[in-house]
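Visitor: Provided below are the primary sequence and the corresponding predicted coordinates.
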2 protein chains.
Amino acid sequence: MFNQKLFLMIPGPTPVPESALVELARHPLPHRSPEFSSIFMECNEGLNEIAQTKEATPIIYAASGTGGMEAILANLLSPGDKVLSVINGVFGKRWADMAELFGAEVERISLPHGKAVQIEQVKGALDDDTEKKIKLVLVTFSETSTGVVNPIQAIAKLVREHGALIAIDAITGLGAMPLKMDDWGIDVLVSGSQKGFMIPPGLAFVWVGPRAWEAHKEAKFPRFYWDWTKAKKALEDKTTAFTPNVSLICALRETLRLMRAEGVEKAWKRHERLKQCTRRSVQAMGLELLTIDSEGSSAITAIKPPAGIEVKQIRKKLKEDWQIVVADGQADLQGKIFRIGHLGFVCDRDVLTALSALAHVLEGLGHSVGNNWTKVYADTLKEFAA
Amino acid sequence: MFNQKLFLMIPGPTPVPESALVELARHPLPHRSPEFSSIFMECNEGLNEIAQTKEATPIIYAASGTGGMEAILANLLSPGDKVLSVINGVFGKRWADMAELFGAEVERISLPHGKAVQIEQVKGALDDDTEKKIKLVLVTFSETSTGVVNPIQAIAKLVREHGALIAIDAITGLGAMPLKMDDWGIDVLVSGSQKGFMIPPGLAFVWVGPRAWEAHKEAKFPRFYWDWTKAKKALEDKTTAFTPNVSLICALRETLRLMRAEGVEKAWKRHERLKQCTRRSVQAMGLELLTIDSEGSSAITAIKPPAGIEVKQIRKKLKEDWQIVVADGQADLQGKIFRIGHLGFVCDRDVLTALSALAHVLEGLGHSVGNNWTKVYADTLKEFAA
C-alpha cells in the first residue's frame, strides 16, 4: 500500500503537482484543433518567460532531453565543424560524444568529478583558437550526475567575444537557478519536462536565438524529426511539425501557470534555500559534499556516504523504511555518492522530511549524526527565508 | 461545459480508456527502479504479442511516430543505399522524403489517392533491380491520409525473394487489421501510442527482426538518440537508453492488458465490423468513399462530401452540434474528403453515434440521406457480428 507514498527526491522525474496530474488524466484533445493550438501557444510563451528570453523561438519536441541535445547539433553543425565541449560528468560527456559521432571535431575540457569549469580554462581554449575554427561551445548548466554548476554568464560573454555560438544544456537547473538567455547572450538552450517544469518525462524544449537561426541556415547535418525550419513553419500555424505529446503539453500549461504565479525570481530563491538547507544539514550530520558551495547546484546535491556505510544501504533503507527515493551516483561515481534532488515542486517540508529520514537511516547504520543538524537547518531556513 | 464531451473520431489521438487515463494521473515512478522495469518489460512482451512476433526486439522511444520512421532509416542505411518506396499519401511520401534527405537513393512507386499498390508494381520494380541494389523497401500498412491498405503479406513475400529488407509503417492500423510480423517475414515495423494502442501520443514503437539486426551492423548513418544498439544494451538491463516517458508506459501497460483480454484476432474482427458498418452506412446515405472495399482500412474511412456541401461545413456542424470531431483531408486532399476514425477504443455504439450525427448534419445541410441507412447498418452489424 505504501508504494503509493513513494516520494521522489531524485533529479527527475520530480514531483508533479496534483493539478498537472489531473490534466494528464483528461482525454487528449485533437492536436490539430484551435483548442489545442491555444494551449500550445500559451506554453511557448511560458517557456520563454522561464528561459528569460523575448528573442528566442521555443521548440517543443516529443522526446527526452537527449533528443533535444541531438537536435541542437543536427541543426547547427556541418561535418568537420569544430566544437568546444565542457565536460563535468555523464551528460557533458554524452553531448561531446554525440557531436563526435555525427562528424564534428570535438575539443574537450574535462573536469574532475564535482568541479566546475574555471573561466580561465575556457578563455585559454578560445584564445588558442586564433583561426576561429570553433563554431559551437557546449556547456552543461547544472550537471545532473554530480550536482555541479558552471559559470554560464561569464562563459557566454567570452564565447560572444570569440564569435562562436554557445549552447547550454539546462535540462536540470532551468527554473531553479538564475539563467537569463537574452541578457547573458546564450544562443541555444535545451531543457526537459521532468525537471524544473514539474511534469513527467517526454518533452524536450529547445530555445533557438537569432544567431543560432543564422547558423542553422548554413548547417548541413541532415535532419528531419529535429529540423528547426519545419518546427518554425509549424509554429507560424500555431502547431507542431509532428504529432505532439498532447497530454504532457496540457499538463505543462498548468505547471507554467504555477511557475508564473510563484514568479521566476522567487523560485530561484526557494531553490537556493532548499540547496543551502540540504548542504549545511548533511554537513552538520558529518557527511561530505562532492561540490564546493559556490559550485553546488540548487537542483541537486551530491553527498558522499560516511566511511564504512555503502550508498546502496542508505538508498535501500530510505526507500524501504521511509518511502523516499534518492539517486545513486552514475557511471564511475556509482556507489561513491548519493544524490538528493530538490528541484521543481519541492517545498521546505519535503527537504526537512528527506533530511530527517536520512538522519534516522544513518543512525540506524551506525553513523552518529550528532545533535546539531536541526539547529543548523533552522538557522539556514531563517537566513534564506523568502 | 460540453467541450468536455468532445468525442474524437479521428485517426489519432484515439479515445483513451478511463483505466489508462487513471494511470496517467499517477505520480511518475523513478525510471531506474525495479518497479518501473517490471512495467516496462511487461509492455515489451505485450508489444510483441500485438505485432505477432517472437523473434523481434521491441524498442520504445519517447517520440512521435515520425521519430520511429526516422529511427528505422538511421539504423538500417548508409549513404547512397537504394530504397524502394511505396507512396499512397502524406505519410508514405514523408518516409521517402526523409530517406532521400538522409542521403539514400529513393525509387518511388507513387499511387493515385486512395489506391493500394498492386503487387505487380512491386514485382516489376524488384525484378528490374537485377543488380540487387535495393537494400530496403518502405511500405505503409494503412495510410492515414487516405484510409487505404496495402497488401503487406504479398509484398513481404516478394521482398524476401529479392533479398532486400522490408520495413512497414504500421503507425495506423496495427491492432486493427491482421498483420503478422514473423509469419509474413516483415523485418522492421513501426507504430505509435495514439492509434490502436489507445493512449495519448508520445511513444513510438519499433520492432527489429533478425535480418534487420544483421543489416544494422553494417549501416553507417550516424545515430545517437535512435540507436538500436544502445536501446538493445539498455533492454538487457530492463531499461531504456534515455529517460523514458514513464507515465505513458504505465498507461500502455494497462491498454496492452485490455488488448490481451479482448484478444488480437477478436480486435481485428471488431475493427472489420466497424469499417463495414461505416462504409456501407455512408454509402447508403448517398456518399462516395475514396477507397474500394478490399483496399479500405479498418482503422479509418475517407469519405467524399456530397456535391454542393463543403467538408468544413460538415466538420463544423459535427463538432458544434454533436461534439464529434472527424478529420479533414490532408495536403491536396484538404477539403476534398473527411475521415472518420474507428480505431482503438471504439465500440459499435461509437460508430452508430457518429453515423447518426453525420446523417443529421447532412440533412441539415440539404443532403437527403434517404431512409435506408439504418437498415443497412443493422444488416451489416448482424453479418459481421462477433
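Guide: Nice, thanks for sending it over.
Visitor: for the host helix or strand of residue A:99, buried residues please.
Guide: If you go by DSSP states H and E, residue A:99 is part of helix A:90-101. Neighbour counts over helix A:90-101 (16 or more other C-beta atoms under 10 Å in any protein chain shown) mark A:90, A:91, A:92, A:93, A:94, A:95, A:96, A:98, A:99, A:100 as buried. C-beta here means a position set from N, CA and C on the backbone, and glycine is covered the same way.
Visitor: am I right that the third one is in contact with residue A:84?
Guide: No - with contact taken as C-beta atoms under 8 Å, residue A:92 and residue A:84 are classed as non-touching, separated by 11.8 Å.
Visitor: overlap of the contact sets of the two?
Guide: Taking C-beta atoms under 8 Å, 6 or more residues apart in numbering or on different chains as the contact rule, residue A:92 and residue A:84 both touch residue A:138.
Visitor: tell me the SS of the closest residue to residue A:246 other than its chain neighbours?
Guide: In space, and not counting its chain neighbours, residue A:246 is closest to residue A:28: 4.3 Å by C-beta to C-beta, 6 or more residues apart in numbering or on different chains. With DSSP: H, G, I helix; E, B strand; the rest coil as the basis, residue A:28 sits in coil.
Visitor: and residue A:28, how many neighbours?
Guide: Applying other C-beta atoms under 10 Å in any protein chain shown, we find 27 other residues in the vicinity of residue A:28.
Visitor: same thing with residue A:211?
Guide: Neighbour number of residue A:211 under other C-beta under 10 Å is 18.
Visitor: residue A:368 now?
Guide: Residue A:368, neighbours per other C-beta under 10 Å, totals 11.
Visitor: any idea how far residue A:287 is from it?
Guide: 12 Å (C-beta to C-beta, to the nearest Å).
Visitor: shared neighbours of the two, anything?
Guide: Common neighbours of residue A:368 and residue A:287 (C-beta under 8 Å, 6+ apart) are residue A:362.
Visitor: show me where chain A has helices.
Guide: A:18-24, A:34-50, A:65-76, A:90-101, A:119-128, A:152-162, A:181-184, A:210-218, A:228-236, A:246-262, A:264-284, A:311-322, A:348-364, A:373-383 (DSSP state H).
Visitor: got the phi/psi numbers for the spatially most central residue of chain A?
Guide: For chain A, the residue nearest the mean C-alpha position is residue A:172 (0.9 Å; C-alpha atoms, centre = their mean). Main-chain dihedrals, residue A:172, degrees, to the nearest 10: phi -100, psi 140.
Visitor: hang on, it packs against residue A:343?
Guide: Yes - with contact defined as C-beta under 8 Å, residue A:172 counts as touching residue A:343 (6.8 Å).
Visitor: now do the shared contacts for the two.
Guide: Joint contacts of residue A:172 and residue A:343 (C-beta under 8 Å, 6+ apart) are A:11, A:12, A:195, A:196, A:299, A:300.
Visitor: contact partners for the second one?
Guide: I take that to be residue A:12. A:144, A:172, A:192, A:194, A:195, A:201, A:341, A:343, B:243.
Visitor: tell me the buried residues within those.
Guide: A:144, A:172, A:192, A:194, A:195, A:201, A:341, A:343, B:243.
Visitor: neighbours around residue A:217, how many?
Guide: 8.
Visitor: mind checking pLDDT for it?
Guide: With respect to pLDDT, residue A:217 scores 97.
Visitor: make CSV out of the contacts of residue A:12 and add pLDDT and distance to residue B:4.
Guide: Formatted as CSV, the contacts of residue A:12 follow (pLDDT from 0 to 100; distance: C-beta to C-beta, whole Å):
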residue, pLDDT, distance to residue B:4
A:144, 95, 38
A:172, 94, 36
A:192, 98, 30
A:194, 97, 27
A:195, 97, 31
A:201, 98, 27
A:341, 97, 35
A:343, 97, 33
B:243, 97, 32
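Visitor: in strands, which of those fall?
Guide: Assigned to strands by DSSP state E, the following of these qualify: A:192, A:341.
Visitor: what sits against residue A:42?
Guide: A:253, A:256.
Visitor: for it, give its distance to chain B.
Guide: Distance of residue A:42 to chain B, given as C-beta to the nearest C-beta, to the nearest Å: 16 Å.
Visitor: re earlier: for residue B:226, state which of the contacts of residue A:12 is nearest.
Guide: Distance to residue B:226 across the contacts of residue A:12 (C-beta to C-beta) is lowest for residue B:243, with 15.0 Å.
Visitor: domains in chain A, by residue range?
Guide: What automatic domain parsing lists as the domains of chain A is A:2-12+A:264-383, A:18-261.
Visitor: contacts only, for residue A:138.
Guide: A:83, A:84, A:85, A:86, A:92, A:95, A:96, A:99, A:167, A:169.
Visitor: farthest pair in those?
Guide: With distances taken as C-beta to C-beta, the most widely separated pair in the contacts of residue A:138 is A:84 and A:169, at 14.0 Å.
Visitor: which of these two has more neighbours?
Guide: residue A:169 (30 against 25).
Visitor: identify the residue nearest that one in space, chain neighbours excluded?
Guide: Closest to residue A:169 by C-beta to C-beta, 6+ apart is residue A:140, at 4.6 Å.
Visitor: residue contacts, that neighbour?
Guide: A:86, A:87, A:88, A:89, A:91, A:92, A:95, A:150, A:168, A:169.
Visitor: let's see it at 10 Å
Guide: By C-beta atoms under 10 Å, 6 or more residues apart in numbering or on different chains, the contact set of residue A:140 is A:69, A:85-95, A:116-117, A:146, A:148-150, A:152, A:168-173.
Visitor: thinking residue A:267 is in contact with residue A:259, fair?
Guide: Yes - here residue A:267 reaches residue A:259: they are 6.5 Å apart, a contact under C-beta atoms under 10 Å.
Visitor: residue A:278 against residue A:9, yeah?
Guide: Yes - shown here, residue A:278 and residue A:9 form a contact pair, counting by C-beta under 10 Å, at 9.5 Å.
Visitor: pipe the shared contacts of residue A:172 and residue A:343 into TSV and attach distance to residue B:73 per row.
Guide: What follows is the shared contacts of residue A:172 and residue A:343, written out as TSV (distance: C-beta to C-beta, whole Å):
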residue	distance to residue B:73
A:11	33
A:12	30
A:195	31
A:196	34
A:299	36
A:300	37
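Visitor: chain B contacts on the stretch 251-386 of chain A?
Guide: A:251, A:319, A:325, A:326, A:327, A:328, A:330 (C-beta under 10 Å from any C-beta of the partner chain).
Visitor: pretty sure residue A:357 sits against residue A:321.
Guide: Yes - under the criterion of C-beta under 10 Å, residue A:357 is in contact with residue A:321, at a separation of 7.6 Å.
Visitor: which of the two has more neighbours?
Guide: residue A:357 (20 against 12).
Visitor: list the contacts for that one?
Guide: For residue A:357, the contact set (C-beta under 10 Å, 6+ apart) comprises A:7, A:9, A:317, A:318, A:319, A:321, A:322, A:323, A:324, A:326.
Visitor: before we move on, back to that, which of the domains of chain A sits most buried?
Guide: domain A:18-261 (a mean of 21; mean count of other C-beta atoms under 10 Å in any protein chain shown).
Visitor: now do that domain: distance to the chain's middle.
Guide: 10 Å (C-alpha atoms, centre = their mean, to the nearest Å).
Visitor: repeat that for stretch A:291-304.
Guide: Between the centre of stretch A:291-304 and the centre of its chain there are 13 Å (C-alpha atoms, centre = their mean).
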